[in-house]
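1. Return a 3D structure for these sequence lines:
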Amino acid sequence: MLEISIIKCLTDNYSYLIKDKKTNLIGVVDPSEFKPIDEEINKKYKKLDFILNTHHHNDHVGGNLDLKKKYKSKIICSAYGESKTPGADQKKRMVSHLFLEIQFLKFYMYQVTLSTIFLSLAMKLK
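-> Numbering: from 1, shown residues only. Okay, here's the model as predicted:
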């Protein structure tokens, strides 16, 4: 089972905290700031395995460095955004697309333009 928490950030953004109950992996998508995400992690999980950045704009990566430092998380981003994404892990990047599977969800990221990454979720067919 997958658990997803929606976290309000800044004045008009949201980040998504994801837990795979089967593997106990915890991730966050587009952490625009540290404090609200850290508070949610501390309430529920006490750890963060990965940060998934859909693109490098500050309203998507503002919390990267503090979260990575505190939780020793890996940051996953596009190859294009790697030099612009704070804390990006070179071995955890995608070249033109990324596939990440967590239990029954598949995350597909495609580089659509030089500055935009499209993220889609698809149910895994058994």
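2. Please tell me how far the top helix by length along the chain is from the chain's geometric centre.
-> Selection of the longest helix in the chain by residue count, based on DSSP state H, yields helix 34-44. Relative to its chain's centre, helix 34-44 lies at 14 Å (Cα atoms, centre = their mean, to the nearest Å).
3. to the chain's geometric centre, what's the distance from stretch 18-31?
-> 9 Å.
4. which residue is nearest the middle of this protein?
-> With distances taken as Cα atoms, centre = their mean, the chain has Leu52 as the residue nearest its mean C-alpha position (2.2 Å).
5. hey, what's that one bridged with?
-> For Leu52, the beta-bridge partners under DSSP bridges are Val29, Ile76.
6. how close does it get to Asn64?
-> 11 Å (Cβ to Cβ, to the nearest Å). C-betas here are computed from N, CA, C, even on glycine.
7. Identify the contacts common to these two.
-> Counting by Cβ atoms under 8 Å, 6 or more residues apart in numbering, Leu52 and Asn64 have no contacts in common.
8. still on that earlier bit, just want to check the distance between the residue nearest to the centre of the chain and Ser32.
-> Using Cβ to Cβ, Leu52 is found at 13 Å from Ser32.
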